[in-house]
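Engineer: A predicted structure for the sequence below; I have some questions about it.
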Amino acid sequence: MVELICKRLLLAIPTLLLVSIMVFSLQKLLPGDPLVAMAGEERDPAVIAQLRAEYHLNDPIPAQYFYWISNALRGDLGVSLRTKEPVTRLIASKLPVTLELSLLAMTVALLVGISMGIVAAVRKDSWVDHTTNFVALSGISVPHFWLGILLILLFSVHLQWLPASGYVPLSESIPQNLKTLLLPALVLGTGLAATLMRHTRASMIAVLKADYIRTARAKGLLPKRVILKHALRNALVPVITLTTLLFGELLGGAVLTEQVFTLPGFGKMIVDSVFNRDYAVVQGVVLVTAIGFLLLNLLADVLYVLINPKMRG
């Protein structure tokens, strides 16, 4: 296991280097000059020249990249051109919100999606299978922002059970924190649950046709034991891959849901930094997102080995 983790970490180094080069190079192609907007309406050439010297923008591009990546390796991702705050501090303030939301949404998706997928596979072509497929297709088809508005109308306006918007940090109040994140987690979790249900069902149907499943049933094992211990463990391998990818997308793609529920999350910061051409924030956010995807892939590799003993060799 330790050897596997070390190999994956070594392979991640050139990947991160390539990602850093690409994001640094591509953001130079963005139209416009953010320093002109920072200098104010007068656009004093002296102020712009000072800003260029301060952010090393007069240096050649390779020198700018070397300066940025050397600081990034020390944990310094630069300073926002707009807010003058360190990028590391901005990410540290926004990422926990989206991370907690993603964990809650993925918990909902796993509990609902995998359970429905198992039931649909075991009762293949029955009314249960058709119903779960209909629910799954509905969950995939419904837009997140529309579902979020409906849930706000129901649970916040009419029933007044949950707050319609806002965010309370976990350190201030755990119950209030969960109340503010429950509705957005349900919105994100329903779409993910539908996707996981479809993949779990397809994987379980393929595994249930295998010879070793027929052998286990012929030996007289209980159906519950055959399904949960023998079939599900092998069927979860592709589901794990999908789960890690979906979780990575949640970290960077929960923009609409955060906007509907007014959550100060990571996704909204990504969009704002791109539109504002805030180079330092864009570079830092993409680099952190890439690291997150690599860590999720590493987690998937570890789970493969833990779930399927055949992969330990």
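Structural biologist: Okay, I see it.
Engineer: going forward, measure contacts between C-alpha atoms and count neighbours the same way
Structural biologist: Will do.
Engineer: wait, residue 267 sits on residue 255?
Structural biologist: Yes. Using CA atoms under 8 Å, residue 267 is in contact with residue 255, at 4.7 Å.
Engineer: So those two - more neighbours on which side?
Structural biologist: residue 267 (25 against 20; other CA atoms under 10 Å).
Engineer: Could you verify that that one is part of a helix?
Structural biologist: Yes. Under DSSP: H, G, I helix; E, B strand; the rest coil, residue 267 sits within a helix.
Engineer: Now do it against residue 111, distance only.
Structural biologist: 25 Å (CA to CA, to the nearest Å).
Engineer: Then residue 14?
Structural biologist: Plainly put, residue 14 is 36 Å away from residue 111 if you go by CA to CA.
Engineer: quick one: which of the two has more around it?
Structural biologist: residue 111 (14 against 11).
Engineer: where do the strands sit along this structure?
Structural biologist: Using DSSP state E, no strands are found in the chain.
Engineer: Can you list the low-confidence ranges for the stretch 1-150 of the chain?
Structural biologist: 1, 4, 28-44, 47-48, 55 (pLDDT under 70).
Engineer: now the helices for the stretch 1-150 of the chain?
Structural biologist: Listed in chain order, the helices of the stretch 1-150 of the chain (DSSP state H, counting those that start in this stretch) span 2-27, 34-38, 45-54, 61-73, 87-122, 127-141, 144-151.
Engineer: Show me the one of the ones you listed that comes nearest residue 232.
Structural biologist: helix 87-122 (8.1 Å; CA to CA).
Engineer: wait, what's in contact with the residue lying closest to residue 297 once chain neighbours are set aside?
Structural biologist: In space, and not counting its chain neighbours, residue 297 is closest to residue 244: 6.7 Å by CA to CA, 6 or more residues apart in numbering. Taking CA atoms under 8 Å, 6 or more residues apart in numbering as the criterion, residue 244 is in contact with 293, 296-297, 300.
Engineer: Contact partners for residue 216?
Structural biologist: Counting by CA under 8 Å, 6+ apart, residue 216 touches residue 226.
Engineer: sorry, back to before: deepest of the helices of the stretch 1-150 of the chain, which one?
Structural biologist: Burial of the helices of the stretch 1-150 of the chain is given as mean neighbour count (mean count of other CA atoms under 10 Å); helix 87-122 ranks first at a mean of 20.
Engineer: helices and strands around that helix, which ones?
Structural biologist: helix 127-141, helix 174-208, helix 232-253, helix 266-275, helix 279-307 (3 or more CA pairs under 8 Å, 6 or more residues apart in numbering; DSSP states H and E).
Engineer: thinking residue 183 is in contact with residue 148, fair?
Structural biologist: Yes. The pair residue 183 / residue 148 is scored as a contact, 7.3 Å apart, by CA under 8 Å.
Engineer: Would you tell me which of the helices of the stretch 1-150 of the chain gets closest to residue 234?
Structural biologist: Nearest of those (CA to CA): helix 87-122, 12.6 Å.
Engineer: Grab the CA positions of stretch 212-222 and hand them over as CSV.
Structural biologist: Listed next in CSV are the C-alpha coordinates belonging to stretch 212-222 (Å, rounded to 0.1, in the frame of the first residue of the first chain):
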residue,chain,number,x,y,z
TYR,A,212,-18.8,-17.1,-9.0
ILE,A,213,-22.2,-15.5,-8.1
ARG,A,214,-24.0,-18.6,-9.4
THR,A,215,-21.6,-20.8,-7.5
ALA,A,216,-22.2,-18.8,-4.3
ARG,A,217,-25.9,-19.2,-4.7
ALA,A,218,-25.6,-22.9,-5.4
LYS,A,219,-23.7,-23.3,-2.1
GLY,A,220,-26.8,-22.1,-0.3
LEU,A,221,-25.5,-18.7,0.8
LEU,A,222,-28.1,-16.2,1.9
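Engineer: Centre of the chain to that stretch, how far?
Structural biologist: Taking CA atoms, centre = their mean, to the nearest Å, one finds the center of stretch 212-222 at 39 Å from the center of the full chain.
Engineer: Please point out which parts of that stretch sit buried.
Structural biologist: 213, 216 (16 or more other CA atoms under 10 Å).
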